[in-house]
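> Could you look at this predicted model? Sequence included:
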Amino acid sequence: MQESLQVYEDKMSKTLKALENDFMTIRAGRANPHVLDRIKVDYYGTPTPIQQVGNITIPEARMIVIQPWEKSLLKAIEKAILTSDLGINPTNDGNVIRLVFPELTEERRKDLVKDVKKKGESAKIAIRNIRRDANDSFKKQLKAEEISEDELSDAEDKIQKLTDRMVAQIEKATDEKSKDLLTV
């Protein structure tokens with residue numbers, strides 16, 4: 001019983017971790033190298049993360065500098081950034097690529113907050129689906145007479161407490177990211 005609860009707790013933790021990673025890729029008006037996490041560069045025919053083809057530095061609060069290990073990659077990196085959903089035009093000086101993050105407008109901030117809340121809601125739904133799967137699994141165990149009524153009740157209580165804790169963490173993460181986005 002305890003090991004099956006652990007499986008569901010692990011699934012819920014992975015959902016929370018995925019949400020937090022998602023939040024890291026949403027830019028809040030200042031440079032964050034995680035916005036580049038999903039961008040892949042065509043490196044000799046292989047889609048490769050930008051972090052693996054160059055050095056990424058943040059010389060100023062709103063600037064990211066990408067220095068590729070091979071100068072021949074400058075065009076490929078520039079193209080990958082332009083075709084991404086980042087919404088920033090890279091400047092290529094022949095040695096490095098600079099990404100300057102403009103101040104976010106109030107409207108854009110509100111759109112990003114809506115997006116954050118939508119992602120938070122999706123994560124909560126995923127957590128509830130995991131809870132439902134767990135309860136279904138426990139009921140099957142009861143039918144197969146692997147557990148008693150009391151054990152079923154206990155397991156459902158534990159999975160509900162776990163669900164409540166995870167949903168609270170998701171709400172906290174969503175609120176923190178929303179505040180971060182709305183802070184000028």
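Looks like it came in fine. Numbering: from 1, shown residues only.

> packing partners for the one helix or strand residue 107 maps to?
If you go by DSSP states H and E, residue 107 is part of helix 106-143. Judged by 3 or more CB pairs under 8 Å, 6 or more residues apart in numbering; DSSP states H and E, the packing partners of helix 106-143 are helix 2-24, helix 149-182. Heads up, the C-betas are built off the backbone N, CA and C, glycines and all.

> So if we follow the domain assignment, how does this structure break up?
2-24+105-182, 33-100 (automatic domain parsing).

> C-alpha coordinates for stretch 169-181, PDB please?
C-alpha atoms of stretch 169-181 as PDB (Å, rounded to 0.1, in the frame of the first residue of the first chain):
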ATOM      1  CA  GLN A 169       2.100  24.300  -3.800                       C
ATOM      2  CA  ILE A 170       0.900  24.800  -7.400                       C
ATOM      3  CA  GLU A 171      -1.200  27.800  -6.300                       C
ATOM      4  CA  LYS A 172       1.800  29.200  -4.400                       C
ATOM      5  CA  ALA A 173       4.100  28.800  -7.400                       C
ATOM      6  CA  THR A 174       1.400  30.400  -9.700                       C
ATOM      7  CA  ASP A 175       0.900  33.400  -7.300                       C
ATOM      8  CA  GLU A 176       4.700  33.900  -7.000                       C
ATOM      9  CA  LYS A 177       5.200  33.900 -10.800                       C
ATOM     10  CA  SER A 178       2.200  36.200 -11.300                       C
ATOM     11  CA  LYS A 179       3.600  38.700  -8.700                       C
ATOM     12  CA  ASP A 180       7.000  38.500 -10.400                       C
ATOM     13  CA  LEU A 181       5.500  39.300 -13.800                       C
END
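
> for the record, mean pLDDT for that stretch?
Averaging pLDDT along stretch 169-181 yields 90.

> Pull out the buried positions in it.
Judged by neighbour count (16 or more other CB atoms under 10 Å), stretch 169-181 contains these buried residues: 169, 170, 173, 174, 177, 178, 180, 181.

> still on that earlier bit, quick one: the helix holding residue 107 to chain centroid distance?
14 Å (CA atoms, centre = their mean, to the nearest Å).

> report the angle between the axes of that helix and helix 149-182?
170 degrees (axes from the mean of the first three to the mean of the last three CA atoms, to 10 degrees).

> now the angle from helix 106-143 to helix 2-24?
Going by the same axes, to 10 degrees, helix 106-143 makes 170 degrees with helix 2-24.

> in helix 106-143, what counts as buried?
Buried residues in helix 106-143 (16+ other CB under 10 Å): 109, 112-113, 116, 119-120, 123-124, 126-127, 130-131, 134-135, 138, 141-142.

> Which residue lies nearest the spatial centre of the chain?
Nearest to the geometric centre of the chain sits residue 22, at 1.6 Å (CA atoms, centre = their mean).

> per-stretch mean pLDDT over the domains of the chain, give me the minimum one.
domain 33-100 (a mean of 86).
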